[in-house]
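> Give me coordinates for this.
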Amino acid sequence: MFSASSPDIHVTGLDISPPAVAVANRLLEASGHAGRVSFAVEDALRSGSAGQTVTYQGIISAMLAEHLPTPKPLFDSLAAQIAPRGLVFFSTALESAQRDHVFEFHRESEPLRMAEEAGLRALRMLSDASPATAQARFLPRATAMLLQAR
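Model (predicted):
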């Protein structure tokens, strides 16, 4: 969350789901940040397209990539929308088979490579997992990266 002592910070939240945006707007009303935060129904993969040159100082893409048929367009969109010296926080699941996960990363290097190919550089990277059982054939985990445009 951002501090109330930083009035220059403005946040735009995008989600493809109208019900999710409706919930976010209801929570926003109670938060006291309505003048600095807005939510919109928008496809993150198409945001900034059609000749728009909107850029952001910070972008959060948390646990989204594994829900896409292919995450490459997401990285391209992030790279196109981040301002010079802006930061992207990106996280995704690895080897975490879930009904709504339509893409599965197997190695930490896979999302890193996609980010680099889109023109982003990893400043920090962290991967973590719960303890594996002796009979486990794979290790479900999550990885997060702090990215910046090259």
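
> Scan the chain for its longest strand.
Secondary structure of the chain per DSSP state E: the longest strand is strand 82-94.

> what packs against the helix or strand of the chain with the lowest mean pLDDT?
Every helix and strand in the chain was compared by mean pLDDT, DSSP states H and E; the lowest is strand 11-15, with a mean of 91. When contacts are defined as 3 or more CB pairs under 8 Å, 6 or more residues apart in numbering; DSSP states H and E, strand 11-15 sits against helix 18-31, strand 37-41. For the C-beta atoms, the positions are set from N, CA and C on the backbone; glycine is no exception.

> Mean confidence (pLDDT) on the longest one, please.
Here helix 18-31 scores 95 as its mean pLDDT.

> just stretch 43-57 next, same as before
What stretch 43-57 shows for mean pLDDT is 74.

> That stretch spans what distance, first to last residue?
Across stretch 43-57, the terminal residues are separated by 19 Å (CA to CA, to the nearest Å).

> Done for today, thanks.
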